[in-house]
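J.: quick one, what's the 3D model for this:
(one chain, ligands or ions: 1)
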Amino acid sequence: MAVLRMRLLPDPVLRKQAKKIGKILPGLKKLTADMIETMHEHQGVGIAANQVGSLQKVCIIQTPDMEEPMVLINPEITNREGEREVVEGCLSIPGYRGMVKRSMTVRARALGLDGKVIRIKADELLAQALEHETDHLNGILYVDHLASREDLWKISEHPEDEEDGEDDEAGDGAEEESLAVAGPESASQDDSD
Ligand code: NI
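T.: Take a look at the predicted model:
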């Protein structure tokens, strides 16, 4: 296993639509093992393939109460209910946190590495992570969901502070700095790489 290079905003790969995986080949096991190691290295609760430069439609989620990371192939949100405001971060946008609207509960469907269907009904952090990671695979970042620029603030330069769901440092050093935020590429565009 290896820690892969984390792609950071504004890397264009973060704005691309990942491609649905047809066959679960051995290379996917290697990629997901490396994604898990990379996620652990950065103390994240989730990671999507775009974030390590791959456009395979796969993500990993491991919330603090999960003993094992969950590999989700071709994940889709099949139902969303309710709305809440949550603080969010992203390993690809180190040093920032934002306030975004997420669903109260979500249902999702994916395949596991064994090819079996996984159905999940989730709330709280798992629901948030499912929405965040499936967004990544569609070229969408949490900053796209900000109601206004004031809903994004700077926390620190250290990426290891990201995605732990805590908001302990909010407020310090919230100086205005430009963060390149561009929308996702349309799904119809050709992903040439
Ligand atoms: Ni992220």
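J.: under the pLDDT cut-off, which ranges of the protein? List them.
T.: Applying pLDDT under 70 to the chain flags the ranges 157-182, 185-193.
J.: which residue ranges form the strands in it?
T.: All strands of the chain, identified by DSSP state E, fall at 46-48, 58-61, 70-81, 84-88, 96-102, 105-111, 117-123, 152-154.
J.: residues in contact with the third one?
T.: Going back to what we said before, that points to strand 70-81. Strand 70-81 has contacts (Cβ atoms under 8 Å, 6 or more residues apart in numbering) with 20-21, 24, 28, 32, 36, 57-62, 103-113, 118, 130-131, 133-134, 137. In this view, the C-beta of every residue, glycine as well, is placed from N, C-alpha and C.
J.: please repeat the previous calculation with a cut-off of 6 Å.
T.: With Cβ atoms under 6 Å, 6 or more residues apart in numbering as the test, strand 70-81 has contacts from 20-21, 32, 57-61, 103-111, 113, 134.
J.: what about residue 126, neighbour count?
T.: Look at residue 126: counted by other Cβ atoms under 10 Å, it has 22 neighbours.
J.: excluding sequence neighbours, find me the nearest residue to it.
T.: In this structure, residue 126 finds its nearest non-sequential neighbour in residue 63, 5.4 Å apart by Cβ to Cβ, 6 or more residues apart in numbering.
J.: my read: that neighbour touches residue 45, true?
T.: Yes - assessed by Cβ atoms under 6 Å, residue 63 is found in contact with residue 45 at 5.3 Å.
J.: out of these two, which sits in the busier spot?
T.: For residue 63 versus residue 45, the count of surrounding residues by other Cβ under 10 Å is larger for residue 45: 24 against 16.
J.: now the longest helix along the chain, how far from the centre of its chain.
T.: When the chain is parsed with DSSP state H, its longest helix is helix 26-41. Its chain's C-alpha centre and that of helix 26-41 lie 15 Å apart, by Cα atoms, centre = their mean, to the nearest Å.
J.: which of the contacts of strand 70-81 are buried, as a ChimeraX select command?
T.: ChimeraX command restricting the contacts of strand 70-81 to the buried ones, with burial defined by 16 or more other Cβ atoms under 10 Å:
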select :32,57,58,59,60,61,103,106,107,108,110,111,134
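J.: in contact with the residue nearest to residue 126, which residues?
T.: So residue 63 contacts 45, 125, 126 (Cβ under 6 Å, 6+ apart).
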